[in-house]
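J.: no sequence on hand, only this structure:
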């Protein structure tokens with residue numbers, strides 16, 4: 001969809017211009033990240049009535065905070081911070097992510113620092129693909145005992161300022177869907193190295209499930225593979241959960257046998273030139289899309305594993321292909337999912353894991369339920385595929401709700417028709 005040098009849109013990206021104008025003040029990793037971002041995201045989409053536009057795509061969410069903090073520290077120390085010509089402090093400003101549904105404290109921290117850095121005093125809006133973004137932001141403000149500085153909006157991809165939505169695009173051509181009897185049991189896509197995602201991989205290996213799924217592992221360097229560093233990160237970051245288990249010594253002992261197979265790859269991360277490219281680039285997306293439609297279940301590894309209920313594009317991706325999933329997210333997240341009109345997959349999937357407050361125990365129960373489904377497939381294939389039929393019916397219901405709410409008729413019909421032809425779903 002976009003060229004390798006990622007420059008969609010026609011408006012100036014004032015966030016990148018601020019980094020470029022003050023590059024000599026940045027140090028260490030901050031300077032390296034800024035040098036990476038500057039040539040990638042110079043332009044924003046054009047937005048009506050928005051004088052100032054800041055696109056925050058391109059790297060991990062923490063970088064918004066670390067970059068803005070260093071520049072603000074320089075300003076508070078008396079150093080001169082250059083601002084782009086044409087930035088209007090008193091006009092409306094839009095901050096947004098086109099790709100991932102960021103709703104993390106570090107992102108809000110970073111935007112607040114940019115607001116202070118640029119001395120913005122007009123109407124300020126932040127938009128991304130988190131359905132309950134404004135609720136999450138209000139909780140953040142209460143938690144930090146600060147007055148909200150902006151209004152947050154869920155961007156479904158079309159209705160808000162026409163920001164393009166990447167996660168509903170289907171590759172123009174893709175591998176044919178396999179019969180359910182030939183599909184792998186599950187898929188799990190993990191890029192940013194959150195601890196719960198790394199612990200998931202450790203447990204999938206312990207329960208001999210990795211070969212039954214399509215699994216990606218986060219890299220130490222987002223755009224390179226390094227067997228030693230990637231595996232050391234898995235051991236270190238996953239331990240925050242694994243150390244809670246009684247049998248942790250056995251888990252770590254077995255983990256040693258994974259190193260020779262590591263890292264786990266579906267698509268080639270070294271082909272990417274910025275964080276959200278696989279969401280936009282239909283060619284790079286093919287391996288992920290093929291893995292998604294040729295596996296029976298998806299393990300949704302949401303951005304948050306605790307705290308406020310948060311839905312990003314990671315949840316809607318399996319919904320959009322009528323697929324059952326187990327969700328790694330905050331305690332009791334499925335209650336919020338069902339309030340939106342969707343159905344979960346109980347009793348065909350044991351979703352009692354969702355009712356467990358302990359993060360480490362919730363993760364363990366989720367993996368054990370996947371192991372139960374694996375055993376059922378091997379020992380009772382007739383019963384298992386009957387269960388899959390029931391799950392497909394729920395998946396069709398969820399796709400219908402998705403189309404009638406997230407898409408709505410005004411979004412045009414071609415993508416919807418493409419989904420329906422591909423999935424053989426009637427709505």
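T.: Okay, I see it. Everything quoted here is computed from the prediction, not taken from an experiment. Residues are numbered from 1 along each chain as shown.

J.: give me the number of residues near the residue nearest to residue 124 when sequence neighbours are not counted?
T.: Distance criterion Cβ to Cβ, 6 or more residues apart in numbering; nearest residue to residue 124, sequence neighbours excluded, is residue 150 at 3.9 Å. All C-beta atoms are positioned from the backbone trio N, CA, C, and that covers glycine. Residue 150 has 21 neighbours, counted by other Cβ atoms under 10 Å.

J.: now do the contacts for residue 150.
T.: Residue 150 is in contact with 95, 111, 115, 124-126, 137, counting by Cβ atoms under 8 Å, 6 or more residues apart in numbering.

J.: helices or strands up against the one helix or strand residue 110 maps to?
T.: If you go by DSSP states H and E, residue 110 is part of helix 105-118. Packed against helix 105-118 by the contact rule (3 or more Cβ pairs under 8 Å, 6 or more residues apart in numbering; DSSP states H and E) you find helix 14-21, helix 62-76, strand 93-96, helix 133-144.

J.: give the next helix or strand downstream of that helix.
T.: As assigned by DSSP H and E, the chain's next helix or strand after helix 105-118 is strand 124-128.

J.: return the list of strands paired to that following strand, each annotated with direction.
T.: Applying DSSP bridges, strand 124-128 is found paired with strand 93-96 (parallel), strand 151-154 (parallel).

J.: pull out the buried members of the contacts of residue 150.
T.: Among the contacts of residue 150, those classed as buried by neighbour count (16 or more other Cβ atoms under 10 Å) are 95, 111, 115, 124-126, 137.

J.: low-confidence regions, the stretch 251-400 of the chain specifically.
T.: Within the stretch 251-400 of the chain, the ranges that satisfy pLDDT under 70 run 275-276, 278-280.

J.: can you give me the strands for it?
T.: 295-301, 325-328 (DSSP state E, counting those that start in this stretch).

J.: and what of the stretch 101-250 of the chain?
T.: Using DSSP E, counting those that start in this stretch, strands in the stretch 101-250 of the chain cover 124-128, 151-154, 184-188, 213-215.

J.: what average pLDDT does the first one get?
T.: Right, the one you point to is strand 124-128. Here strand 124-128 scores 87 as its mean pLDDT.

J.: got a list of what the closest residue to residue 123 other than its chain neighbours touches?
T.: Spatial nearest neighbour of residue 123, excluding adjacent residues (Cβ to Cβ, 6+ apart): residue 92 at 4.4 Å. Residue 92 makes contacts with 49-52, 122-125, as judged by Cβ under 8 Å, 6+ apart.

J.: how close does residue 92 get to residue 247?
T.: To residue 247, residue 92 is 56 Å away according to Cβ to Cβ, to the nearest Å.

J.: picking that back up, weakest of the strands paired with strand 124-128 in terms of mean pLDDT?
T.: Among the strands paired with strand 124-128, strand 151-154 scores lowest, with a mean of 80.

J.: how many neighbours does residue 122 have?
T.: Residues near residue 122, counting by other Cβ under 10 Å: 13.

J.: sorry, that was for residue 135
T.: 17.

J.: my guess is it contacts residue 308, does it?
T.: Yes. Residue 135 lies in contact with residue 308 (Cβ atoms under 8 Å); the separation is 6.8 Å.

J.: winner for burial among the strands paired with strand 124-128?
T.: strand 93-96 (a mean of 25; mean count of other Cβ atoms under 10 Å).

J.: what are the contacting residues of it?
T.: 15, 47, 50-56, 111, 114-115, 120, 122-128, 150, 155, 161, 163.

J.: give the buried subset of these as a PyMOL selection command.
T.: Per 16+ other Cβ under 10 Å, the buried members of the contacts of strand 93-96 correspond to this PyMOL selection:
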select buried, resi 15+47+50+51+52+53+54+55+56+111+114+115+120+124+125+126+127+128+150+155+161+163
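
J.: pull up the gap between residue 57 and residue 37, please.
T.: When distance is defined by Cβ to Cβ, residue 57 is 9 Å away from residue 37.

J.: just residue 110 next, same as before
T.: 13 Å.

J.: so where does the residue lying farthest from the centre of the chain fall, helix or strand?
T.: Most distant from the centre of the chain: residue 78, at 37.6 Å, with distances by Cα atoms, centre = their mean. Per DSSP H and E, residue 78 falls between elements, in no helix or strand.

J.: what are the structural domain limits within this protein?
T.: Using automatic domain parsing, the domains assigned to the chain come out as 11-154, 180-423.

J.: picking that back up, dump the buried ones among the contacts of residue 150 into a markdown table; add distance to residue 291 as well.
T.: Formatted as a markdown table, the buried ones among the contacts of residue 150 follow (distance: Cβ to Cβ, whole Å):
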| residue | distance to residue 291 |
| --- | --- |
| 95 | 32 |
| 111 | 33 |
| 115 | 40 |
| 124 | 39 |
| 125 | 35 |
| 126 | 32 |
| 137 | 33 |
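
J.: who's in contact with the closest residue to residue 31 other than its chain neighbours?
T.: Distances taken as Cβ to Cβ, 6+ apart place residue 23 nearest to residue 31, at 6.8 Å, with adjacent residues excluded. Contacts for residue 23 (Cβ under 8 Å, 6+ apart) come out as 31, 34-35, 38.

J.: on that earlier part again, looking at the strands of the stretch 101-250 of the chain, which is nearest to residue 399?
T.: Closest approach to residue 399 among the strands of the stretch 101-250 of the chain is made by strand 184-188 (17.5 Å; Cβ to Cβ).

J.: who's in contact with the closest one?
T.: Against strand 184-188 from outside (Cβ under 8 Å, 6+ apart): 200-201, 204, 209, 212-216, 266, 291-292, 294-299, 301, 370, 373-374, 377.
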